[in-house]
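1. Quick one: sequence and predicted model below, then my questions.
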Amino acid sequence: MDKTKEQEEKQVDSETVAGDTRKNEYEKENFVPIQEYTGEGFKLRDSREENLEIAEKYQDEVEEAVKQFFLVEYKSEVKVHNMVAAVDGVTVYVESIGEPHFYTFAVVPVDSKNEVVRTDSVWSLEGEVETGITGGLYAMAYDKEFSNLDQYLEETTETYPIVGTPIVAIENVMATGYTTPYYFFSPVGDVFDKLFLEYMNNPEITADEIKDFLAKNPFDPMYVIFGIEFYMEEENSEPKQEILDSIASDIESLENIPRGEYNISLNDNYIDKKRGVGQKDNTIDRSDPNAIMKE
């Protein structure tokens with residue numbers, strides 16, 4: 001009996017070591033310091049590289065089709081930053097020109113069998129662009145509050161050994177709506193659905209008009225969800241709880257920043273270049289159900 005138990009324990013140990021070895025091999029191949037990350041190596045699930053190769057042959061046509069798509073469908077002028085292979089086409093990452101400001105993407109189908117790019121069938125994920133636009137509109141209306149938040153978060157990188165996400169990575173692979181090196185946010189719910197329609201009816205809407213609309217259509221701050229994300233500055237440095245706690249305490253006490261629900265995460269120095277994600281088993285956070293609510 002004891003011998004059998006010992007053999008089972010050795011088997012479990014060997015399986016754990018094998019799993020750790022595979023994990024370490026993946027990390028060595030795909031984890032890079034956040035400061036070096038540009039989006040290179042990013043891959044979408046089940047993507048087919050031949051789609052990108054075909055689309056690159058018609059890059060000018062693809063970019064023009066995407067720009068026209070956003071002008072017609074969303075009354076927004078955009079510039080193209082990057083193309084990435086997808087399952088049945090290419091995902092094209094864009095940034096709006098002017099206000100409202102946001103990052104998002106569109107998909108251009110590719111018929112790989114016949115090597116045809118279907119520039120007449122560009123599409124976007126339902127709700128994705130809309131959320132990006134309404135986030136940009138919210139930031140337009142409360143520019144002073146956003147400036148206060150930006151200033152504080154910038155100062156934290158001078159106070160603590162932490163950094164944000166390089167802007168080039170945001171441009172190339174993030175597509176997270178209104179985004180800065182330190183946070184992104186998503187406004188959701190009926191009020192913001194209506195705000196999007198206000199914009200579509202009047203793309204020249206002003207900050208004062210947006211603020212007036214939101215004053216007449218009050219929203220619960222729980223529907224404006226901020227994701228603040230930092231990385232440790234030094235390689236091989238573990239996230240420090242005292243840094244996270246200090247930032248959370250400051251956010252709790254800060255005045256004149258945007259209304260919303262604030263979630264904060266602190267990663268080590270590495271990001272998974274393949275997935276474009278920094279959160280791992282050792283990431284620490286202050287988030288739902290303990291998120292910080294700013295009324």
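-> That came through, no problem. Residues are numbered from 1 along each chain as shown.
2. Just the element for Gln186, please.
-> Gln isn't right for residue 186; it's Ser. strand 183-187 (DSSP states H and E).
3. what packs against that strand?
-> Strand 183-187 sits against helix 128-141, strand 224-232, with contacts defined as 3 or more CB pairs under 8 Å, 6 or more residues apart in numbering; DSSP states H and E. Where C-beta positions appear, they are placed from N, C-alpha and C, glycine not excepted.
4. of these, which approaches Glu204 most closely?
-> helix 128-141 (11.8 Å; CB to CB).
5. helices or strands next to that closest one in the packing?
-> Partner elements for helix 128-141 (3+ CB pairs under 8 Å, 6+ apart): helix 59-74, strand 89-96, strand 103-111, strand 178-179, strand 183-187, helix 190-201, helix 207-216.
6. Dump the helix or strand that comes right after it to PDB, restricted to CA.
-> Counting by DSSP H and E, the next helix or strand C-terminal to helix 128-141 is helix 143-159. Below are the C-alpha coordinates for helix 143-159, written out as PDB (Å, rounded to 0.1, in the frame of the first residue of the first chain):
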ATOM      1  CA  ASP A 143     -12.200  66.700 -20.400                       C
ATOM      2  CA  LYS A 144     -11.100  68.400 -17.200                       C
ATOM      3  CA  GLU A 145     -12.000  65.400 -15.100                       C
ATOM      4  CA  PHE A 146     -10.100  63.100 -17.500                       C
ATOM      5  CA  SER A 147      -7.100  65.400 -17.500                       C
ATOM      6  CA  ASN A 148      -7.000  65.200 -13.700                       C
ATOM      7  CA  LEU A 149      -7.100  61.400 -13.900                       C
ATOM      8  CA  ASP A 150      -4.400  61.300 -16.500                       C
ATOM      9  CA  GLN A 151      -2.200  63.600 -14.500                       C
ATOM     10  CA  TYR A 152      -2.500  61.500 -11.400                       C
ATOM     11  CA  LEU A 153      -1.800  58.200 -13.200                       C
ATOM     12  CA  GLU A 154       1.200  59.700 -15.000                       C
ATOM     13  CA  GLU A 155       2.600  60.900 -11.600                       C
ATOM     14  CA  THR A 156       2.300  57.400 -10.100                       C
ATOM     15  CA  THR A 157       4.900  56.200 -12.700                       C
ATOM     16  CA  GLU A 158       7.300  58.800 -11.200                       C
ATOM     17  CA  THR A 159       6.400  57.800  -7.600                       C
END
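7. Compute the inter-axis angle for helix 143-159 and helix 128-141.
-> 90 degrees (axes from the mean of the first three to the mean of the last three CA atoms, to 10 degrees).
8. Ok, which of the helices and strands packed on strand 183-187 comes nearest Pro109?
-> When the helices and strands packed on strand 183-187 are compared (using CB to CB), the closest one is helix 128-141, at 16.8 Å.
9. roughly how far is the closest one from the heart of the chain?
-> 14 Å (CA atoms, centre = their mean, to the nearest Å).
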